[in-house]
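Colleague: Kindly generate the corresponding structure for this input.
(one chain, ligands or ions: 1)
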Amino acid sequence: MTKILVLHGPNLNLLGRREPEVYGDQTLESINEDINALGQQLGFKLDFFQSNHEGHLVDQIHESLGVYDWIVLNAGALTHYSYALRDAISSVQIPTIEVHLSNIQAREEFRSRSVIAPVCFGQICGFGSLSYLLALYAIFEQEGFSNDK
Ligand code: DQA
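Modeller: Numbers count the residues shown, from 1 in each chain. As a prediction, this is how the structure comes out:
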């Protein structure tokens with residue numbers, strides 16, 4: 001069975017309360033429930049982790065080695081400057097899909113650059129919480145519709 005780690009970075013624990021006009025009013029818990037429900041339908045095993053600390057996210061990526069087949073990562077603001085996260089993704093070589101609720105290209109200039117994008121399998125942004133679900137569909141396609149692993 002395909003195992004996926006969904007990683008949420010800084011400030012995403014405040015979803016629902018945090019700038020709802022940008023990020024929507026759904027809480028992280030509710031988003032995780034939706035991701036989990038679709039994941040189960042697609043035959044995936046999912047785990048979830050959120051941290052406001054770069055090092056904890058790096059540790060989690062390291063610990064994913066040999067455990068997860070894919071990582072779905074919303075690195076929050078770390079997306080724009082964390083070479084440590086980028087190196088962690090490169091180090092473990094687990095295919096990682098970068099996701100964002102907002103369209104990072106359509107906002108402040110500093111958000112338009114992702115330092116992790118070059119080492120990610122792909123990037124999905126701008127669809128609100130649907131961005132995470134689209135990442136699961138992308139993985140489903142990539143896995144060739146087969147989940148007998
Ligand atoms: C975000 C976009 C980032 O620029 C921002 O710092 C976030 C959320 C998004 O999901 O749209 O924390 O990753």
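Colleague: Ile35: what's it in contact with?
Modeller: Val6, Leu46, Phe48, Val72, Tyr132, Leu133, Leu136 (Cβ atoms under 8 Å, 6 or more residues apart in numbering). Every residue, glycine included, has its C-beta placed from N, CA and C.
Colleague: again, only this time at 6 Å
Modeller: Val6, Tyr132 (Cβ atoms under 6 Å, 6 or more residues apart in numbering).
Colleague: how close does it get to the ligand?
Modeller: Ile35 sits 14 Å away from the ligand, going by Cβ to the nearest ligand atom, to the nearest Å.
Colleague: any idea of the pLDDT on the residue minimising distance to the centre of the chain?
Modeller: Nearest to the geometric centre of the chain sits Leu73, at 2.1 Å (Cα atoms, centre = their mean). Looking at Leu73, its pLDDT stands at 98.
Colleague: ditto for Val22
Modeller: 87.
Colleague: Please report the number of neighbouring residues for it.
Modeller: As a burial measure, Val22 scores 11 neighbours (other Cβ atoms under 10 Å).
Colleague: Could you measure from it over to the ligand?
Modeller: Taking Cβ to the nearest ligand atom, one finds Val22 at 7 Å from the ligand.
Colleague: repeat for Gly55
Modeller: 17 Å.
Colleague: Ignoring the adjacent residues along the chain, who's closest to that residue?
Modeller: Spatial nearest neighbour of Gly55, excluding adjacent residues (Cβ to Cβ, 6 or more residues apart in numbering): Ala84 at 7.7 Å.
Colleague: That neighbour should be in a strand, yeah?
Modeller: No: using DSSP: H, G, I helix; E, B strand; the rest coil, the secondary structure at Ala84 is helix, not a strand.
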